[in-house]
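Student: Sequence and predicted structure below; questions after.
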Amino acid sequence: MQINEVINQTQAYYVNDNINQTKAVEQHSNLIHHMESIGIEVIKLNELEHLNEQVFTRDIGFTIGNTFFVSAMKEDIRKKEQNILLDWLQRNKVAYFPFETASIEGGDVIIDHSKVWVGISDRTSKEAVAVLQSQLPNHEVSPIKLRKDILHLDCIFNIIDAQTALIYPPAMDSDAYLMLKEEYTLIEVTEEEQFHLGPNVLSLGNKHVISLPENKRMNQKLTEMGFRITEVPFSEIIKSGGSFRCCTLPLIRTS
Ligand SMILES: NC(=[NH2+])NCCC[C@H](N)C(=O)O
């Protein structure tokens with residue numbers, strides 16, 4: 001994992017410093033270890049050395065109800081990741097819906113039962129949102145316009161239990177913010193926490209959340225609200241623009 005080709009703002013910031021690969025691999029293994037230790041079955045796709053973004057598996061697809069949607073990636077380097085996913089889906093006989101035209105990436109798709117929030121970003125288009133809505137007649141798919149410098153919706157918004165969400169309001173359209181405020185108790189993160197991808201925690205259910213040790217204030221606030229925080233170091237991986245949510249892709253949703 002390295003920053004060779006800059007495809008987002010976080011990478012632009014860290015490109016000279018770049019990624020300590022040994023440390024990145026160690027941090028990623030540690031995340032998997034934590035997940036397995038609480039009974040999550042982790043499936044790893046084949047890794048290809050030259051696919052530097054492959055760790056961000058969240059973006060290549062998403063499950064809604066019983067359907068697995070295969071994303072249409074915007075960046076060429078990431079399109080190559082899809083072959084490995086398609087091969088796995090076919091070998092395991094998992095049916096899927098492939099987005100073929102307009103681009104959409106899983107980091108922009110946040111699912112809450114019958115509500116689906118989709119970031120409109122440089123990576124995800126309005127056209128794709130319309131296709132998604134047509135595939136999901138029993139869901140309400142709502143677009144959320146993101147500020148230009150924001151990569152994906154999950155960099156600024158994440159649902160962590162039935163009624164609570166983390167949010168960085170300045171980076172989204174104000175109408176969308178008001179809509180989300182109606183739905184959730186919103187915990188606002190600071191600019192610095194957003195820069196460190198604070199909202200991109202991994203929510204494991206039952207108020208258990210995996211978060212970065214750097215985001216002390218945010219973690220403390222969550223703890224006070226009754227969440228159980230496991231701090232997992234991920235400093236090398238976030239240099240490429242994604243954190244815990246981006247590095248995971250749930251395959252089964254019960255609702
Ligand atoms: N779900 C996410 N926020 N993913 C982050 C992906 C980061 C990756 N370097 C990219 O630019 O595509």
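Tutor: Looks like it arrived, so ask away. Every value quoted in this text rests on a predicted model; they were computed, and no experiment measured them. Numbering: from 1, shown residues only.
Student: tell me, how many neighbours does the residue of the stretch 151-255 of the chain found nearest the ligand end up with?
Tutor: Of all residues in the stretch 151-255 of the chain, Gly242 sits closest to the ligand, with a separation of 3.0 Å (Cβ to the nearest ligand atom). In short, each C-beta sits where N, CA and C put it, glycine included. The number of residues packed near Gly242 is 26, by other Cβ atoms under 10 Å.
Student: before we move on, what about Thr190?
Tutor: Thr190, neighbours per other Cβ under 10 Å, totals 13.
Student: What of Cys247?
Tutor: Neighbour number of Cys247 under other Cβ under 10 Å is 20.
Student: Nearest residue to it in space, please, no chain neighbours.
Tutor: Val55 (5.5 Å; Cβ to Cβ, 6 or more residues apart in numbering).
Student: Next one: that neighbour, what pLDDT does it get?
Tutor: Looking at Val55, its pLDDT reads 96.
Student: Run through the residues that contact it.
Tutor: Contact partners of Val55, counting by Cβ atoms under 8 Å, 6 or more residues apart in numbering, are 1, 24, 28, 237, 240, 242, 247.
Student: Return the distance of the fourth one relative to Asn52.
Tutor: With distances taken as Cβ to Cβ, to the nearest Å, Ile237 is found 11 Å from Asn52.
Student: who touches both of those two?
Tutor: By Cβ under 8 Å, 6+ apart, Ile237 and Asn52 have these common neighbours: Met1.
Student: can you give me the helices in the chain?
Tutor: For the chain, the helices defined by DSSP state H cover 9-14, 21-37, 76-79, 81-91, 126-135, 174-183, 191-195, 216-224.
Student: So which bits of the first one are buried?
Tutor: Using 16 or more other Cβ atoms under 10 Å as the burial criterion, the residues of helix 9-14 that qualify are 10-11, 14.
Student: re the thing from before, now the phi/psi pair for the residue nearest to Cys247, please.
Tutor: Taking degrees, to the nearest 10, you get phi -60, psi -20 for the backbone angles of Val55.
Student: How many neighbouring residues does the residue of the stretch 51-200 of the chain found nearest the ligand have?
Tutor: Across the stretch 51-200 of the chain, no residue is closer to the ligand than Gly107, which sits at 2.3 Å (Cβ to the nearest ligand atom). By the measure other Cβ under 10 Å, the count of residues near Gly107 is 26.
Student: pretty sure Thr230 contacts His34?
Tutor: Yes: proximity of Thr230 to His34 meets the contact threshold set by Cβ atoms under 8 Å, at 6.2 Å.
Student: Name the residues contacting each of the two.
Tutor: Between them, Thr230 and His34 share the contacting residues Ile210, judged by Cβ under 8 Å, 6+ apart.
Student: what bridges to the residue nearest to Phe97 when sequence neighbours are not counted?
Tutor: Nearest non-adjacent residue to Phe97, counting by Cβ to Cβ, 6+ apart: Phe69, 5.1 Å away. On the basis of DSSP bridges, Phe69 is bridged to Phe62, Phe97.
Student: Now do the contacts for Phe69.
Tutor: Phe69 sits next to 61-63, 96-99, 104, 132, 135 when contact means Cβ under 8 Å, 6+ apart.
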